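Participant: got a predicted structure plus its sequence, pasted below:
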Amino acid sequence: MARFAVTFLLILLTLFTVEMMAPVQEHVIVPFTSSLARLSAALILPFDSTVVAHGKVLQFSDSGFAVSIESGCNGVEATIVLIAAVIAFPAAWRQRAAAIAIGFIAIQALNLVRIISLFYLGNWNLDFFGWIHLYLWPTLIMLDVLIVFLVYLRYLSRQGIAAEPAGA
């Protein structure tokens, strides 16, 4: 358990450090975040033609209300936590890669629901938006990470893969 905790923390620190580097922000994070805004708009457009996306901003063209998808709201940090946990736990790299890929999809699917719900909630009531944005959705996203990791651990246990014995 101590080995997992130390490895998890080291990977977490490394990945968060890399994420914060200017070239990574410019060439990976900002384009990814902009793609989330475009995808959110594309998902909404069949139901609401007043939605547009520019960069990382999702906006109603008629009322002008907009939300900007910022760091911490793009699911990258949640994905980093999942990656660190999956890599820190002993398993075959193929299983780790599958868990990370499936987890990324699960996190981003829920994050799209989050972005779209907050977009409409903010247009309706900014007080509710603030509370749900700051407290409810971050909790739900991290709960998603935990559930994905627990499902992964259960899968590993059913495959007969156990943590390495202490001292190994």
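Facilitator: On my side now, so go ahead. Worth saying up front: this structure is predicted, and the values here are computed from it rather than measured.
Participant: residues touching stretch 32-47, excluding its own?
Facilitator: Under the criterion CB atoms under 8 Å, 6 or more residues apart in numbering, residues 51-58, 69-71, 74-76, 108, 111-112, 115-116, 119 lie in contact with stretch 32-47. The way it works is simple: take the backbone N, C-alpha and C, and place the C-beta from them, glycine included.
Participant: verify the contact between His133 and Phe119 for me.
Facilitator: No. Between His133 and Phe119 there is no contact under CB atoms under 8 Å: 10.6 Å.
Participant: ok so, going back, just the ones of the contacts of stretch 32-47 in helices?
Facilitator: Val76, Gln108, Asn111, Leu112, Ile115, Ile116, Phe119 (DSSP state H).
Participant: excluding residues flanking it in the chain, which one is nearest the residue nearest in space to the middle of the chain?
Facilitator: Centroid-nearest residue in the chain, with CA atoms, centre = their mean: Gly75, separated by 2.3 Å. Closest residue in space to Gly75, ignoring its immediate chain neighbours: Asn111 at 3.9 Å, by CB to CB, 6 or more residues apart in numbering.
Participant: neighbours around the one you found, how many?
Facilitator: Number of residues near Asn111 (other CB atoms under 10 Å) recorded here: 23.
Participant: could you do Ala42 as well?
Facilitator: When counting by other CB under 10 Å, one arrives at 11 neighbours for Ala42.
Participant: sorry, back to before: so which of the ones in helices among the contacts of stretch 32-47 comes closest to Ser63?
Facilitator: Nearest to Ser63, judged by CB to CB, of the ones in helices among the contacts of stretch 32-47 is Phe119 at 11.5 Å.
Participant: please tell me I have it right and Val30 contacts Lys56.
Facilitator: Yes. Counting by CB under 8 Å, Val30 touches Lys56, with 7.0 Å between them.
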